[in-house]
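# Just a sequence and a predicted model for now, questions to come.
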Amino acid sequence: TTTTTTGTLTTTPRTRLWGGVLGEKKKNTRSEEGSSGSSASSASCAEEAPCIFVRKCAARRVKVALGSSFQKELSIEAVPETDSVAIPVVVGGGDDPRGVFDDDDVLGRGSFRFRRRRRGRRLGEQINDDDDAAARGGPKKACWEAWSRLGPDALLVPESFSPDLRVDDDDDDSKNKKKNNKAWKAIAEAAGVRRLFRDGEIRADATRSPRRTLLYPEGGDTWVVVKEGGLSLAFDAARTMFSFGNTTERLRHATFPCAGETVVDLYAGIGYFSLALLKAGAAHVHAFEWSEVAAEALRRNVEKNGFTGKATVYFDDNRVAPRTVGQIAHRVSLGLTPTSRQGWPVACDVLRPTGGVLHVHENFKIVARRDAYAAAFDRWGQAVATDIQAIFNERRTPSEWTVTCLNVSRVKSYAPHVFHLVADLRCLPSSPERHDGPAPAPTGRTPPPHDILAREEGAPS
């Protein structure tokens, strides 16, 4: 068979790729070694589907970036004799993720033959098939969408769920408590976890602490570890919030070209974005966090991930940052929702005299048709850039500053018509500033929110 070279891929004329071709898929070794019946079964499970070709090192973050466009029923397949993989996408889906990452990991689109993924038993099926767990009040399959894992050995039980324990009113509280513990133990064993937490809404306090309690084992350790993107994030699950919805943004931060930079993270938490930027090559991160338990988790995570000496954790209000660190930041992270506007003047004060980049988070409300979302997101990014430019020109005189919105990243849907967005802003002075003293004291000025309502004809109300 003749071969053709497409970009950096050496291929055989089997699979199409934008005017080129990609390699013929390797045969299933296990099928060849097995019986002819097994081989026929394996072949019948394979099907051709549209895909995106990426380098192996970028497979995970591109898969996450694709979101619902990833065809999860099919397996990601390695392309023979290349350092790339094929990721299946839904027909008509799969926005080209090359605009998301600052590298050449995404090689193109095409089609490929994929195996169907062998689906293991769902969590609900595991427990419903366990006689002991079911007898002690295991939930029905219909309510399992609300249950989720927290790391490899912990399970979040929805606040609304309560097992049917048939508590005897004649028993004292201690006996009923023992029955309750047996029920939770049976569910934990059936799910293959060591701990159960009852989940709840986030408290409306300054540190956004969770309403989460440990159900099983009674009096057990509440610290858990979640691994994602090559990083380990440890935290106290009963006292610290963790959002899986931000995974895509954390992976995006790990791709930023920040080698050798000094970063200031004004809302560090347990290290959601600080650790990702350190992984991307940042020289040092100054991380501010005013929740004591989150700051302790961040210290542990810096050490656990091998960044000792590369991060300084400040258990303090971030408004002290200008006096504490001065104008040293090449890059500032403002990772707070529903808005980080109170931190904007602080971010302007700690940026270097030669300028740098701000990553600004905010929840954005929009009323528009779905096809108008992208334009509305861009308008939000430009409005944020305009407001921050005004803050620079008020506080960082005599230089005239220019703030440009480089990109708007959509992190997740927060509520109907409300989206968590991140604006990447480049901030540059007309000429390098001369820094002769401490940064100006915070004025308390908070920019007004830009609640852009882009109502279009036929838009939902």
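That came in fine, so what should we check first? Residues are numbered from 1 along each chain as shown.
# Can you tell me the number of residues neighbouring the closest residue to Leu275 other than its chain neighbours?
Nearest residue to Leu275 in three dimensions, chain neighbours excluded: Leu231, at 5.2 Å (Cβ to Cβ, 6 or more residues apart in numbering). (Each C-beta comes from the backbone N, C-alpha and C, glycine too.) By other Cβ atoms under 10 Å, the residues close to Leu231 number 20.
# again with Lys412
Around Lys412 there are 17 residues (other Cβ under 10 Å).
# Make sure it is indeed in a strand.
Yes. Applying DSSP: H, G, I helix; E, B strand; the rest coil, one finds Lys412 inside a strand.
# Now do the contacts for it.
245-246, 248, 419-420 (Cβ atoms under 8 Å, 6 or more residues apart in numbering).
# From Thr312, how far out is the closest residue to Phe315 other than its chain neighbours?
Spatial nearest neighbour of Phe315, chain neighbours left out: Ala295 (4.2 Å); criterion: Cβ to Cβ, 6+ apart. Ala295 is 11 Å from Thr312, where distance means Cβ to Cβ, to the nearest Å.
# who's more crowded, those two?
Between Ala295 and Thr312, Ala295 has the larger neighbour count (other Cβ under 10 Å), namely 21 against 13.
# Kindly list the main-chain dihedrals of that one?
Reported as degrees, to the nearest 10, the phi and psi values for Ala295 are phi -60, psi -40.
# Next, find the distance separating it from Phe273.
15 Å.
# Same check on Pro322?
On the measure of Cβ to Cβ, Pro322 and Phe273 end up 20 Å apart.
# neighbour-wise, which of these two wins?
Phe273 (27 against 22).
# just checking, the more buried one touches Gly335?
Yes. With contact defined as Cβ atoms under 8 Å, Phe273 counts as touching Gly335 (5.1 Å).
# Identify the contacts common to those two.
The contact sets of Phe273 and Gly335 overlap at 265, 359 (Cβ under 8 Å, 6+ apart).
# Only alpha carbons, please: show stretch 231-241 as PDB.
Taking Å, rounded to 0.1, in the frame of the first residue of the first chain, the C-alpha atoms of stretch 231-241 are listed here in PDB:
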ATOM      1  CA  LEU A 231      -2.500  17.600  39.200                       C
ATOM      2  CA  SER A 232      -3.700  16.400  42.600                       C
ATOM      3  CA  LEU A 233      -6.100  18.700  44.400                       C
ATOM      4  CA  ALA A 234      -6.600  17.900  48.100                       C
ATOM      5  CA  PHE A 235      -9.300  19.700  50.200                       C
ATOM      6  CA  ASP A 236     -11.600  19.300  53.100                       C
ATOM      7  CA  ALA A 237     -14.900  18.200  51.400                       C
ATOM      8  CA  ALA A 238     -17.000  19.200  54.300                       C
ATOM      9  CA  ARG A 239     -15.700  22.800  54.500                       C
ATOM     10  CA  THR A 240     -14.400  23.600  51.000                       C
ATOM     11  CA  MET A 241     -16.200  24.100  47.700                       C
END
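# And Val332, how far from Ala347?
4 Å.
# Could you do Lys412 as well?
On the measure of Cβ to Cβ, Lys412 and Ala347 end up 23 Å apart.
# Next, the buried residues of stretch 242-254.
Buried residues in stretch 242-254, counting neighbours by 16 or more other Cβ atoms under 10 Å, are found at 242, 246-254.
# same check, this time on stretch 55-75
55, 58-66, 69-71, 74-75.
# Point out where the stretch 51-200 of the chain drops to low pLDDT.
Where the stretch 51-200 of the chain drops to pLDDT under 70, the residues are 92-104, 118-146, 162-177.
# Repeat the analysis, applying 90 as the threshold.
Counting by pLDDT under 90, the stretch 51-200 of the chain contains low-confidence ranges at 51-85, 89-194, 197-200.
# What segments of it are helices?
59-66, 123-128, 131-135, 173-191 (DSSP state H, counting those that start in this stretch).
# ok, back up a step: would you agree the residue nearest to Leu275 is in contact with Leu277?
No. Counting by Cβ under 8 Å, Leu231 does not reach Leu277; the two are 11.0 Å apart.
# anything in contact with each of the two?
What both Leu231 and Leu277 touch, as defined by Cβ under 8 Å, 6+ apart, is the set Ala254.
# Buried ones in the lengthiest helix in the chain, by neighbour count?
The single longest helix within the chain, with elements called by DSSP state H, is helix 373-395. By neighbour count with 16+ other Cβ under 10 Å, helix 373-395 contains the buried residues 376-377, 379-385, 387-393, 395.
# How about stretch 332-344?
Neighbour-count burial for stretch 332-344 [16+ other Cβ under 10 Å]: 332-337, 339-344.
# how about the residues you listed in CSV, adding pLDDT, secondary structure and distance to Lys304?
Listed next are the buried residues of stretch 332-344 as CSV, based on pLDDT from 0 to 100; DSSP: H, G, I helix; E, B strand; the rest coil; distance: Cβ to Cβ, whole Å:
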residue, pLDDT, secondary structure, distance to Lys304
Val332, 97, strand, 25
Ser333, 97, strand, 20
Leu334, 96, strand, 25
Gly335, 93, coil, 20
Leu336, 91, coil, 24
Thr337, 89, coil, 26
Thr339, 92, strand, 31
Ser340, 94, coil, 27
Arg341, 94, helix, 32
Gln342, 93, helix, 30
Gly343, 95, helix, 27
Trp344, 96, helix, 32
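# And the residues you listed, which is closest to Phe307?
Taking Cβ to Cβ as the measure, Phe307 lies nearest Ser333 of these, at 15.3 Å.
# Now do that closest one against Cys258, distance only.
11 Å.
# okay, and the common contacts of these two?
Counting by Cβ under 8 Å, 6+ apart, the residues touching both Ser333 and Cys258 are Leu277.
# from memory Ile366 sits against Ala375, does it?
No. If you go by Cβ under 8 Å, Ile366 and Ala375 don't touch, sitting 10.1 Å apart.
# burial measure for the residue nearest to Ile328 when sequence neighbours are not counted, as a count.
Take Ile328 and drop its neighbours on the chain: the residue closest to it by Cβ to Cβ, 6+ apart is Thr262, 5.2 Å away. Residues lying near Thr262 (other Cβ under 10 Å) number 18.
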